[in-house]
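**Q** Need coordinates for the following:
(2 chains)
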Amino acid sequence: MTQPAVPDDLVRSLSPRVLGILLRRGADFAAAEDAVQDALVEAVRRWPESPPEDPKAWLVTVAWRKLLDLRRAESARRHREQRVEREPEPGPTEDTDDTLLLLSRCCHPSLTPGSAIALTLRAVGGLTTAQIAQAFLVPEATMAQRISRAKRTVSGERFDRPGEVGAVLRVLYLVFNEGFTGEVDLAEEAIRLTRQLSAATDDPEVEGLLALMLLHHARRAARWTASGDLVPLAEQDRRLWDTALITEAVGILQEALRRDRLGEYQVQAAIAALHDDAASHAETDWIQILEWYDELLTHSDTPVVRLNRAVAVGEVDGPLAGLREVERLDADLPRRDAVAAYLHEAAGTRGEAARLYALASERAQSAAERDLLIRRAARLHAKDG
Amino acid sequence: MTKYLLLKHYRGDHEIAPGGLTPMDQWSPEEIEAHMAFMGTVIEDFKQRGEFVDAQALSPEGTFVRYDGEGRAPVTDGPFAETKDLVAGWMVIDVDTRERAHEAAAYLSSAPGPGGEPIREWIEVRPFLGDAPGVTE
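**A** Numbering: from 1, shown residues only, chains lettered A, B, ... in the order given. Just a heads-up that it's a prediction; the model follows:
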């Protein structure tokens, strides 16, 4: 047989489920993670010769045995008798999906976002520490430390009830926003994990987030030029959008909306869907988008939402109305100058627009954004000349 | 997470630390030893916290180079002995918040100098621009 000893996909989908089962049986998080890794090593060795009928059950059995070995070694030091014999036997594996349980542990509120992301990618995503380190451009030893600290932070607590879905969704969305920086496509990874979570829960916000991710992801090919420059939504070549993905996302969103438990991710997805539905920037249904922004404010009234809403106001009621909305926001808000510049350009006050684009470029948080804003400022200056 | 550059300067134009600082070659060997050991501790601490990315020291000697037209040798100048500000070295850390970056820089600045007192030199803290913005527009 020349097939890979243990198919990577299978491992990536099984290891978090096996981990979840061990945790639900009361295992300590760090120890359970080690045991699953040991079991995977053994699978690589043994499956080529004797492939198991039920790989998940096999992994649970072996990982549980590893865990018991570990505990025996520890307790043997302290006691002669072996208390672990009383632990439940690893019978047939439960079919209950532990994805939410595991994810809510990895996205525990006691973790900083950076730690939650790293732990989620390791324990649920099944990525190697080296892959995660590479994706975040830090040394592998640093990432290993970050993950083991995170494990220690969440270790010790009894792990039998899933936590809040909202915290999990926030972390998954952060992973998605990391995008694509190296060999691991974190946006794809976030979508995969959100799909997994969506299959395991009945909260329509999970579908809302999944739809939102897919609707953004569908535009990815149009978002960058061949030379790596950022293309804003209004100027994207919409023929490059992935229509199959958009159709899927709209279906998921409609299904979620039908359940009448609206939340911020469903609303954001609705806005993204309206953008994705427009054949051109000019044909965008801004009136509906503005209505959804008003709805979004009732779920999440943040300065960022108000800033994005100001763009919609500018399209519906004119750029001056949009500018009035922007002026009510804190001057330090990221991207505020960029939005103001855009509205000034639309209003025809080009000098002010150029000045604000230049200012915004100095405060940009990424090189791609900075370059885009500098070009806009330069373009306006050139027209003046 | 954002990466921050913690920049150490050699400054000649004004005091790098309150009350001025005796040049290191006039410190006692023990004082130098304690200072170096502290730097190692700082790096180890950042590593333990999962924040460490890089640390490099630079030789104070350096040359300025400039293009001088097609087919001509580069123009060189320096090292500029009179330069008021030289970069001595840096650390790069990857942290959750700007507050944490400031705290880390202050810790670095508490390195012991003469008499074991913290030298309290200024550390310049500069956030990296990420490669790409998030997808939300």
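
**Q** Point me to the residue of the stretch 1-150 of chain A nearest chain B.
**A** The minimum distance from the stretch 1-150 of chain A to chain B, using C-beta to the nearest C-beta, falls at A:R146 (2.8 Å). To be clear about C-beta, it is placed using only N, CA and C from the backbone, and glycine gets the same treatment.

**Q** Enumerate every residue touching that residue.
**A** A:114-115, A:118, B:49-51 (C-beta atoms under 8 Å, 6 or more residues apart in numbering or on different chains).

**Q** Most neighbours among those, please name it.
**A** A:A118 (33 neighbours; other C-beta atoms under 10 Å in any protein chain shown).

**Q** That one and A:M143 touch, don't they?
**A** Yes. Counting by C-beta atoms under 8 Å, A:M143 is a contact partner of A:A118 at 6.3 Å.

**Q** Give me the common contacts of the two.
**A** A:132, A:136, B:50.

**Q** Make JSON lines out of these and add pLDDT, secondary structure and distance to A:A39.
**A** Formatted as JSON lines, those follow (pLDDT from 0 to 100; DSSP: H, G, I helix; E, B strand; the rest coil; distance: C-beta to C-beta, whole Å):
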{"residue": "A:I132", "pLDDT": "92", "secondary structure": "helix", "distance to A:A39": "21"}
{"residue": "A:F136", "pLDDT": "90", "secondary structure": "coil", "distance to A:A39": "27"}
{"residue": "B:G50", "pLDDT": "95", "secondary structure": "coil", "distance to A:A39": "26"}
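
**Q** List phi and psi for A:S280.
**A** phi -150, psi 170 (degrees, to the nearest 10).

**Q** Repeat that for B:L6.
**A** Torsion angles, degrees, to the nearest 10, at B:L6: phi -100, psi 110.

**Q** what's the weakest-modelled helix or strand in chain B?
**A** Lowest by mean pLDDT, DSSP states H and E among the helices and strands of chain B is strand B:75-77, with a mean of 83.

**Q** Direction included, what does that strand pair against?
**A** strand B:64-66 (antiparallel) (DSSP bridges).

**Q** Could you pull out the buried residues of the partner strand?
**A** Judged by neighbour count using 16 or more other C-beta atoms under 10 Å in any protein chain shown, strand B:64-66 contains no buried positions.

**Q** now swap in stretch A:173-186 and tell me
**A** For stretch A:173-186, by 16+ other C-beta under 10 Å, it's A:173-180, A:184-186.

**Q** Just the ones in helices from those, please.
**A** A:173-178, A:186 (DSSP state H).

**Q** Look up which residues are beta-bridged to the spatially most central residue of chain B.
**A** The residue lying closest to the centre of chain B (C-alpha atoms, centre = their mean) is B:K8, at 2.4 Å. Beta-bridge pairing of B:K8 under DSSP bridges involves B:G89, B:I123.

**Q** Go ahead and confirm it touches B:I119.
**A** No. At 10.8 Å, B:K8 does not count as touching B:I119 under the criterion of C-beta under 8 Å.

**Q** Is A:A312 in contact with A:L290, as I believe?
**A** Yes. A:A312 is in contact with A:L290 according to C-beta under 8 Å; the separation is 4.3 Å.

**Q** Between these two, which has more neighbouring residues?
**A** The neighbour comparison of A:A312 against A:L290 (other C-beta under 10 Å) goes to A:A312, with 23 against 19.

**Q** For the more buried one, what are phi and psi?
**A** phi -60, psi -40.

**Q** State the pLDDT value of it.
**A** Looking at A:A312, its pLDDT stands at 96.
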